[in-house]
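Student: Mind folding the following:
(2 chains)
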Number of protein chains: 2
Amino acid sequence: MSETISPLAPAHFPELPAISGVTCRSARAQYKQWDRCDLTYVELAQGTSVAGVLTQSKCPSPEVEWCRNALANGTARALVVNAGNSNAFTGSKGKEAVQLILSLASEHLGCKEEEIFVSSTGVIGVPLPKDKAESGLTAVFGAEPCSWEQAAATIMTTDTFPKMATASAVIGGKTVHLNGIIKGSGMIAPDMATMLGYIFTDVNVDAGFLQEMLSAATQKSFNCITVDSDTSTSDTVLAFATGQNDARALNSFDDPGADAFQAALNDLCLQLAQLVVRDGEGATKFIEVAVTGATSDDSAKRIALSIANSPLVKTAIAGEDANWGRVVMAVGKAGEPADRDKLSIGFGGVTVARDGLVVPDYDEEPVAAHLRGSEIDISVDIGLGSGKATVWTCDLTHGYISINADYRS
Amino acid sequence: MSETISPLAPAHFPELPAISGVTCRSARAQYKQWDRCDLTYVELAQGTSVAGVLTQSKCPSPEVEWCRNALANGTARALVVNAGNSNAFTGSKGKEAVQLILSLASEHLGCKEEEIFVSSTGVIGVPLPKDKAESGLTAVFGAEPCSWEQAAATIMTTDTFPKMATASAVIGGKTVHLNGIIKGSGMIAPDMATMLGYIFTDVNVDAGFLQEMLSAATQKSFNCITVDSDTSTSDTVLAFATGQNDARALNSFDDPGADAFQAALNDLCLQLAQLVVRDGEGATKFIEVAVTGATSDDSAKRIALSIANSPLVKTAIAGEDANWGRVVMAVGKAGEPADRDKLSIGFGGVTVARDGLVVPDYDEEPVAAHLRGSEIDISVDIGLGSGKATVWTCDLTHGYISINADYRS
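Tutor: Numbering: from 1, shown residues only, chains lettered A, B, ... in the order given. Predicted coordinates:
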């Protein structure tokens, strides 16, 4: 948690409605020497279904491995999130800490261990201290319920602001709500998965179908952002559906309202994903990269991520330089079909290069003005097909170097 | 060309011997407003064979396309290198400039255009000015021969020191020489190719066999370095063999001396590649990443490059932090077979993590002392097989941001 709030933080936090069947609590486990809550405990009503996407890292934390296995069960009664220590790469000691949390929480609720979901985030390589986890859990079980904002603040590490979003959908005339909280700022290049994000809804939805919808939403949101091309060992997104709303149950896209729910879930995931980019380490510009005309949507996404991950493109934007030559470089290195002489590139809606050549005498003033702002649009047309994709990133600044050359255990 | 020389520059430049059949000249084409030579012309004896490796970028410069086609011819009479303008992404105007250079040089020498090799390096997107190329060539044709150091200095752009290396081999009792010059500092992540590098030897070697040996040497040298994960549109390495030495000709590995020549070529390419890393933009530490125990050599190389390209690993080294947790992260994201609980990691020869756990009470002092130095060794054992690879990179510092948020046309 930093003293300085990202210049890209939203001006206002949204008001999150209560979600029936969800109760948040927070406490101080003191995983680090800091004066703040760092343990979040979310209790879920009986009958809550759960879905999740988890990091593709080959070196995941024991929490990630636990969640991956527990998801097969399809139901959840509680979520425990530890901030300040990721517990990744900690061998048998790390697993023992997870086991202790599972035992204590399942005993407290009288449920199966497989209904408890656990995440940890922070420094890699230090086993989560069991004594702190135990005293933290004892405190949090007896704590008063807390606000969504407090829960979002408690899961933060190097984040500079709490991140939350809300959406709603109408199912058969009944309004259902979805709330989400998320943390993440560095080590952000989700791949089929993401940072730590949690979504809660009161809808009654089958776990398998919830998983299908969450996976679809992830492809267009969490998997379309990057801060620094580095993929975390602990990436986790979990969606919990309590079924406490009296709207009709959803079991497949044949059910009326399922499409509306998917749209609301997509919207919520995109809001959460973009909040992470807005808190990118050292970020001063929020960058949207839209690629069209590729040979397929997958190809467009790989090209867009090649641009969004290029340190030379990201430093050019930090320097407010419409350096389309570096965009050409990033298209060229993506390894995807491209024809230099059909490529067009624009900044802020102004085409600066077309058909493989700079546009003669393009108006530089609106481009320069666009780059001085904090919301940057880069558009690239490959000119070969109809594949398209949009991804989001931030600029690469001295702030990123300062944060990461100093941050440590 | 910077005012400040990289702190990783070699203390002394090597003495390069003359190579029979090779004459370097330089002149001022004034491709940029600077007070230095920026056009290099290397004349090669009749009968010189040539081989090359070129960027895999899908958006290459017309120079790269020309060289790729001309290599099929197998012989060379001259090399022309323009510094200050890459001529990439310049459409038909860029091609016209290359054509003019080919016409003037082939007429001057009375040779085929296919025997002229051309490279350009510098800003992307501005057509190489034909008038400057023509007056530069006229000047350089009449210039006195220059030194290898002058030729190496003339091909520089953001480089902070001229880069050259020499090697020799004995073929049937006769000593043959290989000299190389190279430039590159940013946009360095060669992939089956590299930055601009030129190798000259007096050996008599068949062009096809020279290509085979150069490709093999490239895999273990230029393709094992990265500064910033960005691959240039103009990457080129060319090797010229004049055949002016009286050692026996080389046509295959069955010829005595061919193994010795390959070893000398490997040595030369590695020297040149490492010089580029030592001039990495903003670099203060030279980093060797050695991966062992992977399931194959290719897998080891992908893991090693994942570590070497990780901004979080590179900023940690800049901060003199033995942050092995970030190394775990980079292994995990590489997508290659890895087992967290078999992984070992060392810095400067001291194992800090073994079998998926930090080594209890490892001696931090020698590790800290190693990281305060400028030559950093990271070793990673995957524990699964016998695949191994070594790659080289530099740290990521405020200097990189300053250079790239400001540098422009």
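
Student: Am I right that A:Val170 is in a strand?
Tutor: Yes - the assignment for A:Val170 is a strand, going by DSSP: H, G, I helix; E, B strand; the rest coil.

Student: Isn't it up against A:Ala260?
Tutor: Yes - A:Val170 is within contact range of A:Ala260, at 6.0 Å (criterion: Cβ atoms under 8 Å). Glycine gets a C-beta too; all of them are placed from N, C-alpha and C.

Student: These two: who's more crowded?
Tutor: A:Ala260 (16 against 13; other Cβ atoms under 10 Å in any protein chain shown).

Student: tell me the contacts of the more buried one?
Tutor: A:169-171 (Cβ atoms under 8 Å, 6 or more residues apart in numbering or on different chains).

Student: Which pLDDT value goes with the most centrally placed residue in chain A?
Tutor: Compute the mean C-alpha point of chain A, and by Cα atoms, centre = their mean the closest residue is A:Ala273, 4.3 Å away. The model reports A:Ala273 with a pLDDT of 85.

Student: roughly how far is the one helix or strand A:Val291 maps to from the heart of the chain?
Tutor: Using DSSP states H and E, A:Val291 sits within strand A:286-294. Computed by Cα atoms, centre = their mean, to the nearest Å, the chain-centroid distance of strand A:286-294 equals 19 Å.

Student: In the following helix or strand past that strand, which residues are buried?
Tutor: Sequence order places helix A:297-308 as the next helix or strand after strand A:286-294, per DSSP H and E. Within helix A:297-308, the residues scored as buried using 16 or more other Cβ atoms under 10 Å in any protein chain shown are A:299-308.

Student: which residues of the stretch 101-250 of chain A fall in strands?
Tutor: A:116-123, A:163-171, A:174-183, A:196-201, A:236-241 (DSSP state E, counting those that start in this stretch).

Student: Dump the buried residues of helix A:297-308 into JSON lines; add distance to B:Gly319 and pLDDT as well.
Tutor: Listed next are the buried residues of helix A:297-308 as JSON lines, based on distance: Cβ to Cβ, whole Å; pLDDT from 0 to 100:
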{"residue": "A:Ser299", "distance to B:Gly319": "37", "pLDDT": "96"}
{"residue": "A:Ala300", "distance to B:Gly319": "36", "pLDDT": "96"}
{"residue": "A:Lys301", "distance to B:Gly319": "33", "pLDDT": "93"}
{"residue": "A:Arg302", "distance to B:Gly319": "32", "pLDDT": "92"}
{"residue": "A:Ile303", "distance to B:Gly319": "33", "pLDDT": "96"}
{"residue": "A:Ala304", "distance to B:Gly319": "31", "pLDDT": "95"}
{"residue": "A:Leu305", "distance to B:Gly319": "27", "pLDDT": "92"}
{"residue": "A:Ser306", "distance to B:Gly319": "28", "pLDDT": "93"}
{"residue": "A:Ile307", "distance to B:Gly319": "28", "pLDDT": "95"}
{"residue": "A:Ala308", "distance to B:Gly319": "25", "pLDDT": "94"}
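
Student: Any chance of CSV for those, columns distance to chain B?
Tutor: Formatted as CSV, those follow (distance: Cβ to the nearest Cβ, whole Å):
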residue, distance to chain B
A:Ser299, 11
A:Ala300, 14
A:Lys301, 16
A:Arg302, 12
A:Ile303, 10
A:Ala304, 15
A:Leu305, 12
A:Ser306, 9
A:Ile307, 11
A:Ala308, 12
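
Student: Please verify my assumption that A:Val118 contacts A:Leu102.
Tutor: Yes - counting by Cβ under 8 Å, A:Leu102 is a contact partner of A:Val118 at 6.9 Å.

Student: In the stretch 151-300 of chain A, which residue sits closest to chain B?
Tutor: A:Thr231 (3.7 Å; Cβ to the nearest Cβ).

Student: picking that back up, residues in contact with the strand holding A:Val291: which ones?
Tutor: Contacts of strand A:286-294 (Cβ under 8 Å, 6+ apart): A:8, A:274, A:277-278, A:300-301, A:303-304, A:307-308, A:314, A:317, A:336-337, A:342, A:374-395.
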